[in-house]
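Colleague: the following comprises the amino acid sequence and a computationally predicted model.
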Amino acid sequence: MRSALGVLERRPRGDKDGHDRCISKLMKLMDEALKRGYKQWHYDVERNGGPAKQ
């Protein structure tokens, strides 16, 4: 999994378009992580009757 900090650190200073692209990439990464988390939770509920114990 890629790091959100890695995405933001690659942005050159003073690059507004680059900043917008980084924010867009960060939002996509966060959305993917949320979807994976939901899918895992849903799988756990369907199979085990609740979330997996950590």
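Modeller: Ah, there it is.

Colleague: which residues of this structure fall in helices?
Modeller: Here the chain has its helices, by DSSP state H, at 4-9, 16-48.

Colleague: which of these has the lowest mean pLDDT?
Modeller: For the helices of the chain, mean pLDDT drops lowest on helix 4-9, to a mean of 57.

Colleague: hang on, the earlier thing: turn the helices of the chain into TSV, columns for mean neighbour count.
Modeller: Every C-beta, even on glycine, is put in place using the N, C-alpha and C of the backbone. Shown next, in TSV, are the helices of the chain (neighbours: other Cβ atoms under 10 Å):
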stretch	mean neighbour count
helix 4-9	12
helix 16-48	12
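
Colleague: would you mind measuring from Arg21 to Ala33?
Modeller: Between Arg21 and Ala33 the computed distance is 19 Å (Cβ to Cβ, to the nearest Å).

Colleague: could you do Met27 as well?
Modeller: Distance of Met27 to Ala33, given as Cβ to Cβ: 11 Å.

Colleague: kindly report the same for Lys39.
Modeller: Counting by Cβ to Cβ, the separation of Lys39 from Ala33 is 11 Å.

Colleague: again with Lys16
Modeller: Counting by Cβ to Cβ, the separation of Lys16 from Ala33 is 26 Å.

Colleague: just Gly50 next, same as before
Modeller: Separation of Gly50 from Ala33 (Cβ to Cβ) stands at 21 Å.
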